[in-house]
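Peer 1: Kindly return the folded structure for what I paste below:
(chains A and B)
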Amino acid sequence: MSKRILKHIVLICTILLVLNNSLLYAQTDEDAIMMAKKQLCVGGTYNYSSWKNYWEGTLKRNNLNLGTVSSNMYAVMGTYGITDKLNVLVGLPYVTTKATAGTLHGQHGLQDMSLWVKWLAVEKDLGKGTFSTYLLGGISFPTSNYIADYLPLSIGMHSTNLSGRLMLDYQLGKFFATASGTYIYRNNITIDQTAYYTTEQINSNKVFMPDMATEQLRTGYRSSHLIAEAILTNMNTLGGFDIRRNDMPFPSNKMNSTTAAVNIKWTLKWVPGLSLIGGGGYTLAGRNVGQATMFNAGVFYILDFNHSDKTKGKSSK
Amino acid sequence: MKKIFLSITIIAVAASVILVACSKKVTGVTDNLPALNPGNEDLNAGTWKAVLLTNLDSFPVAVPAATNAASYTAELNEIIGGQRSLTDAQRASIKYWSAGAVLRWNEILRDLVAKHNLPPYQNEDGTYPIPTAANPFNYPQYPFSNPPYAARAYAYVSAAQYDALVAAWHFKTKYNRPAPYIVDSAVNALVPKTTLPSYPSEDAVLAGTMAQMMTMLFPTEISFIQQMVSEEEEAAILSGANVRSDVNAGDALGRQVASLFIARGKTDNVSKAVGTPAQWAQFVTTAQANGQTPWYSLETPARNPMLPFFGNVKPFLFDSATVIALRPGPPPSATSDEMKQETMQEKAYITNPTREQMSIVQFWADGAATYTPPGHWNAIAAEDFIGQNFSEVRWARNMALLNMAMMDAAIVCWNTKYYYFNPRPTQMDASIKTLTGIPNFPSYISGHASFSGAAATILGHIIPSKAGTYQAMAQQASDSRMLAGIHFSIDCSAGLTVGQSVGAYAVTRAEGDGAE
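Peer 2: The predicted structure follows:
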């Protein structure tokens, strides 16, 4: 398979909704795939996540006054190729939450917009395959005034985050492996209460949000028409505190998780530019998070502006 | 060219991350207060009416050594020596306590209330373990500082501090020994100088009071409190405000006055407030016998009601007969058209809640793991008192008035709740989802409204220019419970009235205690 075809593969935009709906794992910014210059990939995804058991600190338990906590996420996303080696990505999800037991009111609303710049910094033949290095920078910020300190039913943490990611990819024939590491700086948040307890009483409505780090490995089959992959994601909060016995979660908890997922992307041969995605995941281990089971599905379509430029005689090069 | 542009972008992003990261430390609103510098030392406070202490000489404080005595000179040398080798931690401690020890102990108490305000996890058989003072470290630790427990804790601590300071002021003016920084110019004043006599030390009086009160109220925290006591007393000496004999006399006096309050606490009926399973069942049969719909717990498994006999606790501002007199009449029957209307209104509130509505609910929620509604009003009061430049003894007096009012409001409120044993809105209509947790006790009357009505009334007397603001805040705190879907409007309006009535007793006391 030629590199040219590989670069024209549609972006996959799976989101693995980690419990508490706190983090987005969009494949667009986590996979080693680029849009070609002047191509726009747009799409929509649906993600469902639910958990019955959760970790209160390190203690695994259920909660009869929450039952099963679930969330639905509907996201629109787009990726545009500024050049073959420089893409910008944007995503915006709408989230709803609910609990099957207890009396707490579910929440819904527009969550955080994410913007990424993705740069294919290095691409060269290595052995019989191709080795690539990507650098990514991202920002996400809340797009509505949703409530953060209402876990586990708040739709997000309401912090503005800056992310930096290094991603390494190796493709050998139709098999590939991608490894990435991300540092997420999280800005402090403001809550409605004027005091709260972490490991001590804080007399402020500002909450210190510890930064996070994630690592991800993904591997599997990758061709121009089909991608099938397994994904292992590790998330660590660099600081934060444990939920105390029978307390409720708080945005600055030490939320860690290890999640396994599978993902498939299928590009239809008879409708050029259209692709379908689907996948699922499960939280293998965690701390101050729910043991979530996740499913997702999505549709993407590529718009190629190179062609229209040519017909108008305005090709830039 | 593009690569250069990209590199610049990446460097800029990285730099901004580092810059923003440096400013992430959260500062509490009272972390960096200036030293308390009272406009009036209230030198006549020894004549103010105490709460329990009827004879100020019942805990005698020995005549202090004269400032020209050899023993006093040795004490001065201790300060001078200590000031020459002050550590950063000691300087920070002096600064911390100089903001006012009544304020600092109030904050520490709020911290401990929040820390211990967690409902116990259920037993295997679906019952719930009850914390016990006899075995405080066993899970669930004693106490579970829920709102009525907290209201009583704030009141006992505040009233004991007030009485102890009234006694301290009595002895201060009686013996009239000046502060070491006045006696000897070699002693630096690391806090604002005052003409208030230093024997016995007001800081040590408060520390000793707290050490003793916490043996009753938060027994698992004694070692932590003792550490704070040591820090405060060391700061009092190293700041140049007190010699060691000032501190020793003050500490002993504080502990003795506190013992009066502990004796009262042992017989104020709080030990019977939990009740027994047979008594809990009796509430149900009584309500049914009266043709009413009894309250039930909306938790799974059903949790025993919170302190159902707290309504029998002995109040500070009036007698137990007045508790009954202040109890409002019954709410409309749960099956009445009026209550059906109220239930429909609650359903309407929570069907499509606005963000502003949720914000009001959260601001006043003060639920599990918080300092409770009385703690919130303590925080509100403290922030306003900081600007008033009160003396320590006036700080204590005002906090005592506030917290005795809220404890007594809790007593009347809890008495009413279990007298009528009325259901919550969600019990009437299970589709009413709430914007905060439903407290595990009957609905009528609202605790938030009762606490807030009492607090706003006495605070409006203490700072008249803010009386209207306080009543508006109380109204909002009361409304927040309807907006959350956890109270009927009649619970809130009746609660606010009860609170204001109780607050009026505190105002009457304030007008007659000699401080105005």
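
Peer 1: Residue 132 - how many residues pack around it?
Peer 2: You didn't pick a chain, so chain A it is. 23 (other Cβ atoms under 10 Å in any protein chain shown). Every residue, glycine included, has its C-beta placed from N, CA and C.

Peer 1: think we crossed wires, I meant chain B
Peer 2: Neighbour number of B:T132 under other Cβ under 10 Å is 13.

Peer 1: Please apply the same query to the one 10 residues further on.
Peer 2: B:Y142 is flanked by 20 other residues according to other Cβ under 10 Å.

Peer 1: can you check the one 10 residues further on too?
Peer 2: For B:R152, the tally of surrounding residues (other Cβ under 10 Å) stands at 28.

Peer 1: That one: helix or strand, and which one exactly?
Peer 2: helix B:147-175 (DSSP states H and E).

Peer 1: List the buried residues of that helix.
Peer 2: Across helix B:147-175, burial judged by 16 or more other Cβ atoms under 10 Å in any protein chain shown covers B:147-173, B:175.

Peer 1: check contacts around the closest residue to A:G181 other than its chain neighbours.
Peer 2: Excluding the flanking residues, the one nearest A:G181 by Cβ to Cβ, 6 or more residues apart in numbering or on different chains is A:E215, at 5.0 Å. Taking Cβ atoms under 8 Å, 6 or more residues apart in numbering or on different chains as the criterion, A:E215 is in contact with A:179-182, A:233-234.

Peer 1: and which of the residues you listed is nearest A:I33?
Peer 2: A:S180 (12.7 Å; Cβ to Cβ).

Peer 1: and the nearest residue to A:Y54 once chain neighbours are set aside, how many residues sit next to it?
Peer 2: Excluding the flanking residues, the one nearest A:Y54 by Cβ to Cβ, 6+ apart is A:G290, at 4.1 Å. Using other Cβ under 10 Å, A:G290 has 27 neighbouring residues.

Peer 1: surely A:G290 meets A:N53?
Peer 2: Yes: counting by Cβ atoms under 8 Å, A:N53 is a contact partner of A:G290 at 7.2 Å.

Peer 1: And the spatially most central residue of chain B, how far from chain A?
Peer 2: Nearest to the geometric centre of chain B sits B:Y154, at 3.8 Å (Cα atoms, centre = their mean). Separation of B:Y154 from chain A (Cβ to the nearest Cβ, to the nearest Å) stands at 14 Å.

Peer 1: can you pull the contacts of the closest residue to that residue other than its chain neighbours?
Peer 2: Distances taken as Cβ to Cβ, 6+ apart place B:N403 nearest to B:Y154, at 4.1 Å, with adjacent residues excluded. Counting by Cβ under 8 Å, 6+ apart, B:N403 makes contact with B:151, B:154-155, B:157-159, B:374, B:378.

Peer 1: what helix or strand is B:N403 on?
Peer 2: Counting by DSSP H and E, B:N403 is part of helix B:392-420.

Peer 1: how much distance is there from that helix to the middle of the chain?
Peer 2: In terms of Cα atoms, centre = their mean, to the nearest Å, the centre of helix B:392-420 is found 10 Å from the chain centre.

Peer 1: Mind checking the pLDDT average for that helix?
Peer 2: Summarised as a single mean, pLDDT over helix B:392-420 is 98.

Peer 1: returning to what we had before: hang on, the residue nearest to A:G181 is in a strand, isn't it?
Peer 2: Yes: residue state for A:E215 (DSSP: H, G, I helix; E, B strand; the rest coil) corresponds to a strand.

Peer 1: roughly how far apart are it and chain B?
Peer 2: Using Cβ to the nearest Cβ, we find A:E215 at a distance of 19 Å from chain B.

Peer 1: Dig out what that residue forms beta bridges with.
Peer 2: Taking DSSP bridges, one obtains A:G181, A:N234 as the residues bridged to A:E215.

Peer 1: Which pLDDT value belongs to it?
Peer 2: Confidence score, pLDDT, at A:E215: 98.

Peer 1: Could you do A:S316 as well?
Peer 2: 34.

Peer 1: Then A:H158?
Peer 2: 98.

Peer 1: Tell me the secondary structure at the residue nearest to it when sequence neighbours are not counted.
Peer 2: Spatial nearest neighbour of A:H158, chain neighbours left out: A:A148 (3.8 Å); criterion: Cβ to Cβ, 6+ apart. Following three-state DSSP, A:A148 is assigned to coil.

Peer 1: Check the burial of A:A148 by counting its neighbours.
Peer 2: When neighbours are defined as other Cβ under 10 Å, A:A148 has 24 of them.
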